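A.B. asks: No letters, just coordinates:
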């Protein structure tokens with residue numbers, strides 16, 4: 001498997017996947033969804049309870065690396081502090 005990275009900007013972009021790839025993608029998408037919802041909730045808590053302004057500008061794209069495996073072994077989240085990537089924080093979570 002080449003670990004190709006697919007980008008989905010429109011619903012039609014999912015059609016580039018084979019049925020087998022799409023079935024591998026779905027569990028990863030569930031994790032992506034949960035992570036994004038958590039960021040949105042944490043942002044709102046920071047604004048309401050702490051008075052902290054948190055600017056979260058996610059890319060308008062879903063990126064998926066096809067590792068050829070079913071299920072999620074881990075994932076990586078990048079928190080970009082500046083537009084050009086200075087001081088990025090990468091969080092890598094591995095399944096135990």
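C.D. replies: The structure has been received and is ready for your questions. Since we're looking at a predicted model, the values are computed, not measured.
A.B. asks: Every contact and neighbour count from this point should use C-alpha atoms.
C.D. replies: Fine.
A.B. asks: which residues of the chain fall in helices?
C.D. replies: 19-45 (DSSP state H).
A.B. asks: Where does the prediction get shaky in it?
C.D. replies: 1-2, 41-59, 74-96 (pLDDT under 70).
A.B. asks: quick one, strands of the chain?
C.D. replies: Applying DSSP state E to the chain gives strands spanning 5-8, 62-65, 74-79, 89-94.
A.B. asks: And residue 40, how close does it get to residue 8?
C.D. replies: Distance check for residue 40 against residue 8: by Cα to Cα, to the nearest Å, it reads 20 Å.
A.B. asks: so residue 64 sits right up against residue 7, yeah?
C.D. replies: Yes. Counting by Cα atoms under 8 Å, residue 64 does reach residue 7; the two are 6.5 Å apart.
A.B. asks: residues near the closest residue in space to residue 67 that isn't next to it in sequence, how many?
C.D. replies: Nearest in space to residue 67, with sequence neighbours left out and distances taken as Cα to Cα, 6 or more residues apart in numbering, is residue 3 at 4.8 Å. Neighbour count of residue 3, defined by other Cα atoms under 10 Å: 10.
A.B. asks: Spit out the contact partners of residue 3.
C.D. replies: By Cα atoms under 8 Å, 6 or more residues apart in numbering, residue 3 lies in contact with 65, 66, 67, 68.
A.B. asks: would a markdown table of the residues you listed with neighbour count and distance to residue 33 be doable?
C.D. replies: Below are these laid out as a markdown table (neighbours: other Cα atoms under 10 Å; distance: Cα to Cα, whole Å):
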| residue | neighbour count | distance to residue 33 |
| --- | --- | --- |
| 65 | 13 | 16 |
| 66 | 19 | 17 |
| 67 | 16 | 19 |
| 68 | 14 | 20 |
